[in-house]
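**Student:** structure for this input, please:
(chains A and B)
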There are 2 protein chains.
Amino acid sequence: MMRELTVDLGERSYPIYIGEGLLQDASSFFTKHNISKKSPLLIVTDTNIAPKYLEALQKELVQGGFKAEAAVVPSGESTKSLAMLEKLVGQALEAGLDRKSTIVALGGGVVGDLAGFLAASYMRGIKFIQIPTTILAHDSSVGGKVAVNHSLAKNIIGAFHQPEFVLYDLNTLQSLPAREIKAGLSEVVKHGLIWDESFVSWCEVNSEKLLALDAEALGYALYVGCGVKAAVVSQDERENGLRAILNLGHTIGHALEAVAGYNELLHGEAISIGMVGSAKLGMRYGATEEVYIRTKNVLAKLGLPVRLPEHFDVEAIMSAMMHDKKFLEGTMTFIVPTAIGKVEIESNVSVDWVREIVEQLKQEDEL
Amino acid sequence: MMRELTVDLGERSYPIYIGEGLLQDASSFFTKHNISKKSPLLIVTDTNIAPKYLEALQKELVQGGFKAEAAVVPSGESTKSLAMLEKLVGQALEAGLDRKSTIVALGGGVVGDLAGFLAASYMRGIKFIQIPTTILAHDSSVGGKVAVNHSLAKNIIGAFHQPEFVLYDLNTLQSLPAREIKAGLSEVVKHGLIWDESFVSWCEVNSEKLLALDAEALGYALYVGCGVKAAVVSQDERENGLRAILNLGHTIGHALEAVAGYNELLHGEAISIGMVGSAKLGMRYGATEEVYIRTKNVLAKLGLPVRLPEHFDVEAIMSAMMHDKKFLEGTMTFIVPTAIGKVEIESNVSVDWVREIVEQLKQEDEL
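**Tutor:** The predicted model follows:
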């Protein structure tokens, strides 16, 4: 069974295909979307994913008549750099990519962000296809945000560049390590927490199936998660307003990642802790304690951390938040839950409140 | 007297102001266009221009209530690199630029391209203002093409990013070296050659005034040059068709620059020789010899080279053309004059014809 949903962005609209075994049939999707068979395409993937799926994908595309070249980058967040972009542009030129060529991102969020920025900037923008191989990437595969990091800030150099389509093969998720599965589910639940109370209930009931990578449950969760994000993005493509709600848990989460050096905490783990902090902040804006408790419980049920490890330095976290690009013109803005499935954008949040909440996050019980 | 014209791009439309002494009044233009006084702005300029105009501009803006920070990059084409972009992003972060900040390009085409790509990619795109200080930059200040170079190809990493407005102070052109004046006029004449026969006639009559930097003549020429480019760009913002006509002389010209290592020939000089080549090619497509002769004469009248220096290697030029991004899917495309003020896009141009014409360019008389 294949699910399909559309990210509605006018002339930049594109479909997301979710199902088992789609990679084996990649050529037919490429053909359907008029990907050039004359101009070479470049598959960008990383050293983790390449041994698993690159050869098969390349073979399938070549058999389908495509000139499928490949570039393999080191895995990990540090690969999202301008230095790596420069290297990839060289490889693209040597492979003969022209303005009708396509960049194909095969991998998780890191590969998607890097390959996406390559597609956005190569010859001022060429076509882009996403083939996510992680649960977390369901998030970055909707909305067209692509970027690389700078030593001083994450995702600071980038663009908005929408793909032609997203091909989500559930089979590629089967080999994910347990820790990455949980971290990926963090963003899935986030989409429920900001938009859809019934989906949060569904996650509470189906947490075990999700953790066991039951294909039917996972397909449904990714379909709903992508759908929520698509609904938000289609109302605010360039992140001028509503789209900010997708940052639930991210202001604290990004700061934790920065302080931990992008190594100790996975992104999904960091925003899990961040979402607990936001729910706590919500109580200062009139949300009931139940919102905070349910937020914490659903995350814990999915095996996600809800407590800030003791050794994190609170002042370092506060200072990292000041460099965040959501820190606009001197005010501090947070996405604050008011109910399960409902959030508000609060600007002028007191820095002292935030500091208190970060301190309290060290006292949370792991459930 | 100030001239004003609008580049018509729907919601991305912007004005170009052309006149004497506009820099002294920069604040009022910034205020008129709602540039933030809360978020810092960053003036990007180079080591040639900084000593002449940076202090005065910064002072004027600070007096006007703007937080005007500055970054000075080395002058010259090699500054258009990803390494320099990385450095500028660091300076922008340290200066506290946020999503409501603005990048101001003070300088010629190199600074405009680099600062423009910084504006396009910093936090996925912030506001951008162009203050060109060369004649040549009249060309790059219309159309939103911004980019940096890769060691293998020029302008290969970039974006389309339109400025808020362009402030063209004719006084800044008075200090240009004679060779740069001529090279800048090359693109001005190009706009006549592709679009407006009467403007070519005007250039023939007014060549001496232009070379003497007569403010009235120069203001008019820049106004018409920008106007032609604006008319073309507004019909084809993303370079899918018509906009290609702006590349008259550029396929050969870019190859000459690449072979000469971006040093020996200025861009305007290279495309001057390229336009003579295109006019020669035009005769194979039915243009009269007069088109070729008049093209050559008007360029020579403005002190531009019309002959390819003997030591250039023809095969090296041919090979450089194959790396050009206008070399699409194996066919060779040229912009070919059919009359003065009229060009056509010819694809499937014979590589042998092109080689013959490049060889003949060494035999042209300098007039």
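
**Student:** with just CA atoms, put the helix or strand hosting A:Ala270 into PDB.
**Tutor:** Using DSSP states H and E, A:Ala270 maps to helix A:267-284. Provided in PDB are the C-alpha atoms of helix A:267-284 (Å, rounded to 0.1, in the frame of the first residue of the first chain):
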ATOM      1  CA  HIS A 267      18.300  16.400  17.400                       C
ATOM      2  CA  GLY A 268      15.200  14.600  18.300                       C
ATOM      3  CA  GLU A 269      16.400  14.000  21.800                       C
ATOM      4  CA  ALA A 270      17.300  17.700  22.300                       C
ATOM      5  CA  ILE A 271      13.900  18.900  21.100                       C
ATOM      6  CA  SER A 272      12.200  16.300  23.300                       C
ATOM      7  CA  ILE A 273      13.700  18.000  26.300                       C
ATOM      8  CA  GLY A 274      12.900  21.300  24.700                       C
ATOM      9  CA  MET A 275       9.200  20.400  24.300                       C
ATOM     10  CA  VAL A 276       9.000  19.500  27.900                       C
ATOM     11  CA  GLY A 277      10.500  22.900  28.700                       C
ATOM     12  CA  SER A 278       7.900  24.600  26.400                       C
ATOM     13  CA  ALA A 279       5.100  22.700  28.100                       C
ATOM     14  CA  LYS A 280       6.300  24.000  31.400                       C
ATOM     15  CA  LEU A 281       6.500  27.500  30.000                       C
ATOM     16  CA  GLY A 282       2.900  27.000  28.800                       C
ATOM     17  CA  MET A 283       1.700  26.700  32.400                       C
ATOM     18  CA  ARG A 284       2.800  30.300  32.900                       C
END
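
**Student:** list the buried ones in it?
**Tutor:** Going by neighbour count (16 or more other C-beta atoms under 10 Å in any protein chain shown), the buried part of helix A:267-284 is A:267-282. Every C-beta, even on glycine, is put in place using the N, C-alpha and C of the backbone.

**Student:** what does the stretch 1-150 of chain A put close to chain B?
**Tutor:** A:36, A:38-39, A:82-83, A:85-86, A:89-90, A:93-94, A:98-100, A:120-125, A:145, A:147, A:150 (C-beta under 8 Å from any C-beta of the partner chain).

**Student:** in strands, which of the residues you listed appear?
**Tutor:** In this view, these that belong to strands under DSSP state E are A:Lys145, A:Ala147, A:His150.

**Student:** burial count for the last one?
**Tutor:** So the one you mean is A:His150. 21 (other C-beta atoms under 10 Å in any protein chain shown).

**Student:** ok, it touching B:Leu93?
**Tutor:** Yes - at 7.0 Å, A:His150 and B:Leu93 qualify as touching, with contact defined as C-beta atoms under 8 Å.

**Student:** who touches both of those two?
**Tutor:** Counting by C-beta atoms under 8 Å, 6 or more residues apart in numbering or on different chains, the contacts common to A:His150 and B:Leu93 are A:Ile156.

**Student:** and A:Arg284, how far is that from A:Ala339?
**Tutor:** According to C-beta to C-beta, to the nearest Å, A:Arg284 and A:Ala339 sit 15 Å apart.

**Student:** please apply the same query to A:Gly76.
**Tutor:** On the measure of C-beta to C-beta, A:Gly76 and A:Ala339 end up 38 Å apart.

**Student:** before we move on, what about A:Ser39?
**Tutor:** 50 Å.

**Student:** again with A:Asn206
**Tutor:** 21 Å.

**Student:** need the outlier residue of chain A, farthest from its centre.
**Tutor:** Distance from the C-alpha centroid of chain A peaks at A:Lys38, with 32.0 Å (C-alpha atoms, centre = their mean).

**Student:** now do stretch A:341-359, average pLDDT.
**Tutor:** For stretch A:341-359, the mean pLDDT works out to 92.

**Student:** then stretch A:287-295?
**Tutor:** 96.

**Student:** just how off-centre is that stretch within its chain?
**Tutor:** 25 Å (C-alpha atoms, centre = their mean, to the nearest Å).

**Student:** which residues are contacting it?
**Tutor:** For stretch A:287-295, using C-beta under 8 Å, 6+ apart, the contacting residues are A:193, A:200, A:275-276, A:279-280, A:282-283, A:336-340.

**Student:** tell me which stretches of the stretch 51-200 of chain A form helices.
**Tutor:** Assigned by DSSP state H, counting those that start in this stretch, the helices in the stretch 51-200 of chain A fall at A:55-63, A:82-94, A:109-121, A:137-140, A:178-195, A:197-211.

**Student:** and chain A, what are its domains?
**Tutor:** A:3-175, A:178-361 (automatic domain parsing).

**Student:** as JSON lines, these with distance to B:Phe30 would be great.
**Tutor:** Converted to JSON lines, the domains of chain A look like this (distance: least, C-beta to C-beta, whole Å):
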{"stretch": "domain A:3-175", "distance to B:Phe30": "25"}
{"stretch": "domain A:178-361", "distance to B:Phe30": "17"}
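
**Student:** hang on, the earlier thing: okay, A:Ser39 and A:Ala339: which has more neighbours?
**Tutor:** More crowded of A:Ser39 and A:Ala339, by other C-beta under 10 Å: A:Ser39, with 20 against 16.

**Student:** list the contacts of the more buried one.
**Tutor:** A:Lys67, A:Gly96, A:Leu97, A:Asp98, A:Arg99, A:Lys100, A:Ser101, A:Thr102, B:Leu328, B:Glu329.

**Student:** next: A:Glu264.
**Tutor:** Neighbours of A:Glu264 in contact, by C-beta under 8 Å, 6+ apart: A:Pro309.
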